[in-house]
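Colleague: What would the 3D arrangement of this be:
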Amino acid sequence: MKAFLQRRDELFRILLKSIIYFGAVAYIPSLIACLHDELYLLAVIDTLGYLSLVGVYIYPGARYELRLFTTVFVTLFIGAAVLIETGPYGAGHIWLLCAVFIAALFSRPRIIITSIICTQLIMLIYGVLNEARMLKHEIPSLSVFAISANMLLISVTVSLITYFLLRSLQEEVEEQENLMRLLHHRVKNNLQAFESLIALSSDEIDRSSGLHHRARAISAANNLLLDAPETGMVDMAELIRMLTDASAMAIDNQGKLSVHAEKLNEVAVGLSDLIEILRDLRPLRFTVLEDTILIQGEGSFGPIRDRLRLLNHSLIPAEWLDVQDEHIILRIPGLKSPR
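Modeller: Next up, the predicted model:
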């Protein structure tokens, strides 16, 4: 459900952005036409409507509901103004139908029903003004009734199709999310069971201690991934924090590096092996930069160069490490830093 709502919000923001950019192209000739035909009220309404959409889009505190309400309301208001000013010769009917479609695509049933009722009220007001001969143009009352009936039919049909189509899509997304949660739960339980079985092998604890740490690393890495499965990324600083004791290290997260799920287990196991080799130099300090990780510790790294070569048997190749006496620079290909 969360993923579906996020996609819906993202789609609406893209739609609103498109309306603003392409609306600027349509607004200028429309404004010129209004001024040429002396439709000054319509020019003012168009301007206020366009500025309202721009304002609600660029305002950082505007929530999704406010943006949607403003878009539907502005579309209905412009449609009513165009209809009253130009009648069947303008695009008023298109604006009204567009408002109903936006409501059906992005809002709840009560908003959809409200938008349909508003279109019919606008048509009713238009019919009353037409009967009172208060418009610049006149059309037969029967034509107004026919247009209203057809708009009602189209509005209801479009709303029902859109609503049930999105409802079906939402149910499918929810079902997939439930399956993913079940799968994630099973994976987590299996990793914990694997880790416990290794820990219970007390007669081989010395021989299996490395395997035990690696199992813990994979379990910790996957737990981080399951916290936000939709991103497919794990923050590097959080991964390092999960792999060692907080009292034995410090993390300075400057670069906000992330590791992709496809490379996660490999990186987690390699880091676990590296941290175990460096345990005599604790407390360690990890500084996450733009594309590298700087590791510093108590004492010199020179005496453990030979031990670091053991990482060739791990998942960290030698070319990832630049070992100096005062620090180690770790470069892991495939890490991402937000720009």
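
Colleague: which stretches of this protein form strands?
Modeller: Counting by DSSP state E, the chain has strands at residues 233-235, 249-253, 258-260, 284-288, 293-296, 321-323, 328-330.

Colleague: got the ones you listed as a markdown table, with mean pLDDT columns?
Modeller: Putting the strands of the chain into a markdown table (pLDDT from 0 to 100) gives the following:
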| stretch | mean pLDDT |
| --- | --- |
| strand 233-235 | 85 |
| strand 249-253 | 82 |
| strand 258-260 | 85 |
| strand 284-288 | 88 |
| strand 293-296 | 88 |
| strand 321-323 | 85 |
| strand 328-330 | 88 |
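
Colleague: Tabulate these (a markdown table), appending distance to Ile111.
Modeller: Using the backbone N, CA and C atoms, a C-beta is placed for each residue, glycine as well. Shown next, in a markdown table, are the strands of the chain (distance: least, CB to CB, whole Å):
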| stretch | distance to Ile111 |
| --- | --- |
| strand 233-235 | 35 |
| strand 249-253 | 42 |
| strand 258-260 | 38 |
| strand 284-288 | 45 |
| strand 293-296 | 49 |
| strand 321-323 | 58 |
| strand 328-330 | 53 |
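
Colleague: wait, which of the ones you listed is closest to Tyr163?
Modeller: Closest approach to Tyr163 among those (CB to CB): strand 233-235, 34.2 Å.

Colleague: Paired strands for the closest one, with orientation please.
Modeller: Its sheet considered, strand 233-235 pairs with strand 258-260 (antiparallel) by DSSP bridges.

Colleague: residues of the partner strand that come out buried?
Modeller: 258-259 (16 or more other CB atoms under 10 Å).

Colleague: Stretch 226-233 too?
Modeller: Neighbour-count burial for stretch 226-233 [16+ other CB under 10 Å]: 226, 233.

Colleague: Offset the numbering so it begins at 298, please.
Modeller: Sounds good: first residue 298 from here, last item stretch 523-530.

Colleague: what about it, how long is it end to end?
Modeller: End-to-end distance for stretch 523-530, by CA to CA, to the nearest Å: 10 Å.

Colleague: roughly how far is that stretch from the heart of the chain?
Modeller: 12 Å (CA atoms, centre = their mean, to the nearest Å).

Colleague: for stretch 472-491, same thing?
Modeller: Offset of stretch 472-491 from its chain centre (CA atoms, centre = their mean): 23 Å.
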